[in-house]
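Enquirer: A predicted structure for the sequence below; I have some questions about it.
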Amino acid sequence: MSTPTGFKRRLASELSAMATAPAPVGATRAPARRLRVRFAIAAVATAAATAVVVPTLSGSGAAPAYAVTQQDDGSLVLHLDRPEGLPGLQKQLKEMGVRAAVLEGDENCPTGAPPEAPWATMDYAMTVSSQPWSAIIRPDMIPDDTVLPDGRRVKGATLLIVAEFGKDHRTKGVSFRLVEEVPKCSVPGIGAGGPDAHL
């Protein structure tokens, strides 16, 4: 079957005109938009793999009251700015599997400071960072229940974090220690960190 010569010429002419004509404006924008979306998804996926940040914002739109960021080595960077961040911080640490209790220091606590776990390595479980209002928690350094070689069972510890806030409701200081039992209240300045260790 043969194709008429006139049809071939018209087809060749139309194809040639289409090849040299500029592309419609909408056609050039769509690929760029898809590229941006793909890049944004990749950036979010990368950030999720390296850190988990959970802030609690005040109603005024101010800086987060607290944030927890998980590092690649498993340590946690903690920021605490105001007392309204304490409940969220406690909940977040629990959800992340960290045995920690967070309290606001109470000068009138009748039991005073809780006793320290006898074999706790508190200096390694949490360290106050040189950056203001932050500290580093090492969950792997919070001792688990352990059976000693002689068969005695030693109870694990909980990282107790006691925060102090100034009259401006900003973090004034944080102290911490590893305890066997979490108290209902604690005086501030219970040990490592002390009243001048600003988180």
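Expert: That came in fine, so what should we check first?

Enquirer: next structured bit after the helix or strand bottoming out on mean pLDDT in the chain?
Expert: Here the helix or strand of the chain ranked lowest by mean pLDDT, DSSP states H and E is helix 25-50, holding a mean of 39. For helix 25-50, the following helix or strand on the C-terminal side (DSSP states H and E) is strand 66-70.

Enquirer: and that following strand, which strands flank it?
Expert: Its sheet considered, strand 66-70 pairs with strand 76-80 (antiparallel) by DSSP bridges.

Enquirer: rounded mean pLDDT for whichever helix or strand comes after the strand it pairs with, please.
Expert: Using DSSP H and E, the helix or strand that follows strand 76-80 in sequence is helix 86-95. Helix 86-95 carries an average pLDDT of 95.

Enquirer: and whichever helix or strand comes after helix 86-95 with helix 86-95, angle?
Expert: Following helix 86-95 in sequence order, the next helix or strand is strand 100-104 (DSSP H and E). Counting by axes from the mean of the first three to the mean of the last three CA atoms, to 10 degrees, strand 100-104 points 170 degrees away from the direction of helix 86-95.

Enquirer: listing partners with orientation, what would you give for strand 100-104?
Expert: Paired strands of strand 100-104, with direction, are strand 158-165 (parallel) (DSSP bridges).
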